[in-house]
Every structure is written in C-alpha cells, then in structure tokens.
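# Quick one, structure for this:
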Amino acid sequence: MSRESNFDQPGNEESGIEEEVGVGPWPTSMPWPDEPRYDPELLIDGDRRNVVDRFRYWSTAAIIDDLDQHRHGFHVAIENWQHDMNIGTVVRNANAFMAAEVHIVGLRRWNKRGAMVTDRYQHIRHHPTIEDLVSWATDHELPLIGIDNLPGSVPIETTILPRRCIMVFGQEGPGLSDTARQAVPWFVRSHNLARRDQSTQESHPASRCMRGYANMLVHLRPIS
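Okay, the predicted model is just below:
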C-alpha cells in the first residue's frame, strides 16, 4: 500500500510541518456515495489510512474483497519460535506481492511493527506446529517449498515454482528448524550477498523469492 498525501503546499519540508496522509471528509460539493463498499465513518471523518487512492473511503472488508480477486496462488509460511523481528516485514512483502495467505507457525504473537498495518488487508493463519501446517497444506493440495541456503537447494532465480505452493521461511539466524527441514520435500535458495549464515529469512531475500514468483507470471513463463 503506497503512502499518498493531499497536503502538498510549497515549503512544508523546510518549515518542518509533517505531511498528512490521505484525505479529509467527503467533499460536500460531490454527491454522497451510496455504494456498500464505502465506510460511512470514513466519509464523514476523512480517510487517513495508508492506502492507494482507489481505496479511499472504502471499508476494510471491501478492500480485502477486492484484493482477493487478484491474489496469486502462492502462500507464505514463517516460523515464529523466538519472536523474530522480521516477521512483520515478511507479512508486508507478502501483501505487496499479493500472496494468497500468510501462515505464522509456532508462537501466535508476533511483532507487527514491520508490517506497517498491511496485516489488516492480508489473510493470516496461525499454526501451532509444523505438523499442523503440513496437515493443512496436504488438505489443500499445496506443496511446501523450503526457502533456505541448504545443501541440495536450487536457485530460485532459475527454478520454475508451482503455481500454487507454500514458501516456508525459517527465522533470522538459524533458518528453518530441523522439524521444518524434515517436513519440506525440496528447497530453493536466494542469491544473497553479504550474508554469513545459512538463513535467508531476512526481508530482502523473502522479497526476492516473492518477486521471483511474481515475475514468472508477469513474463508468462510456464508454471506447473
């Protein structure tokens, strides 16, 4: 979701005035909208959310319904055993690349600061264990793909991913847990400079993996 402003008078940056986000109340000079997608409170009070212009004044439910019409077939799963600070950023990336759903595996609570409120518009599901994730994936016929720089992993940049799948990320530092490594049938890795450990859980590699998937669709490359 992009940051936009209607507060663009000259000199704001030099004067130190912080720009406002969004728009004020619905203009009285325009007909009052009666479509169900509009939120009456936002029409009256203004919409200061960090959303693109076409979603201005829409209810959160209406925005989610619209996004659901355009989501890709991939899911993102992230292990959360140590309250990893990067989870919020992974959620934000998943929202940006239109992931079908995000799965938090392990602890239910996670640091949402990095998500920058995008979690409101993203489907998020909790799994207490890797086994629960595997069971859910099996029921929904979604193959699990581990994302980690492990022996035998293949470069994501040259790999054709399934159209419907779950990318499984480990935590910053240790990477995928032993349980996850045993449960996931195959692994891909992302080329990541300036890294000294095996894990590819950082926000940049996660974004690279999701971008790689999206690029296959954009360039109409065949996906199984």
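# what are the ranges of the strands in the protein?
For the chain, strands defined by DSSP state E occupy the ranges 74-80, 101-106, 124-127, 144-147, 154-155, 165-169, 186-189.
# Note down every partner strand of the third one and its orientation.
Spelled out, that is strand 124-127. Looking at strand 124-127 with DSSP bridges, its partner strands are strand 101-106 (parallel).
# Contacts for the strand it pairs with next, please.
75-81, 87, 90-91, 94, 110, 122-130, 132-133, 136, 166, 168, 180 (Cβ atoms under 8 Å, 6 or more residues apart in numbering). The way it works is simple: take the backbone N, C-alpha and C, and place the C-beta from them, glycine included.
# domain ranges for this protein?
Under automatic domain parsing, the residue ranges defining each domain of the chain are 12-67, 71-218.
# The residue with the largest distance to the centre of the chain and residue 91, how far apart?
Of all residues in the chain, residue 29 has its C-alpha farthest from the mean position, at 37.7 Å, by Cα atoms, centre = their mean. From residue 29 over to residue 91 the distance is 39 Å, taken as Cβ to Cβ, to the nearest Å.
# The residue minimising distance to the centre of the chain: what's it in contact with?
Closest residue to the average C-alpha location of the chain: residue 94 at 1.8 Å, with Cα atoms, centre = their mean. By Cβ under 8 Å, 6+ apart, residue 94 lies in contact with 76, 102, 122, 210.
# pLDDT wise, what is residue 102 at?
Looking at residue 102, its pLDDT is 97.
# Run a quick neighbour tally on it.
22 (other Cβ atoms under 10 Å).
# Please name the bridge partners of residue 126.
Using DSSP bridges, the beta-bridge partners of residue 126 come out as residue 104.
# So which residues of this structure form helices?
Applying DSSP state H to the chain gives helices spanning 12-15, 40-45, 60-68, 87-96, 130-139, 178-183, 203-218.
# Out of the ones you listed, which is the most enclosed?
Greatest average neighbour count among the helices of the chain goes to helix 87-96 (a mean of 24), per mean count of other Cβ atoms under 10 Å.
# now that helix against strand 74-80, angle please.
Going by axes from the mean of the first three to the mean of the last three Cα atoms, to 10 degrees, helix 87-96 is angled at 180 degrees with respect to strand 74-80.
# Could you check how far helix 87-96 is from the centre of its chain?
In terms of Cα atoms, centre = their mean, to the nearest Å, the centre of helix 87-96 is found 3 Å from the chain centre.
# and that helix, C-alpha only, in CSV?
The C-alpha trace of helix 87-96 is given here as CSV (Å, rounded to 0.1, in the frame of the first residue of the first chain):
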residue,chain,number,x,y,z
ILE,A,87,8.1,-11.3,10.5
GLY,A,88,6.3,-8.0,10.1
THR,A,89,8.4,-7.2,7.1
VAL,A,90,7.7,-10.6,5.6
VAL,A,91,4.0,-10.0,6.0
ARG,A,92,4.3,-6.6,4.3
ASN,A,93,6.2,-8.2,1.4
ALA,A,94,3.5,-10.9,1.1
ASN,A,95,0.8,-8.2,0.9
ALA,A,96,2.8,-6.3,-1.7
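# mean confidence score for it?
For helix 87-96, mean pLDDT is 92.
# quick one: contacts for residue 190?
Applying Cβ under 8 Å, 6+ apart to residue 190 gives the contacts 147, 149, 155-157, 200, 205, 208-209, 212.
# Tell me how far it lies from residue 210.
Counting by Cβ to Cβ, the gap from residue 190 to residue 210 is 10 Å.
# For residue 221, report the pLDDT, please.
pLDDT for residue 221: 47.
# Surely residue 99 touches residue 210?
Yes: between residue 99 and residue 210 there is a contact under Cβ atoms under 8 Å: 6.8 Å.
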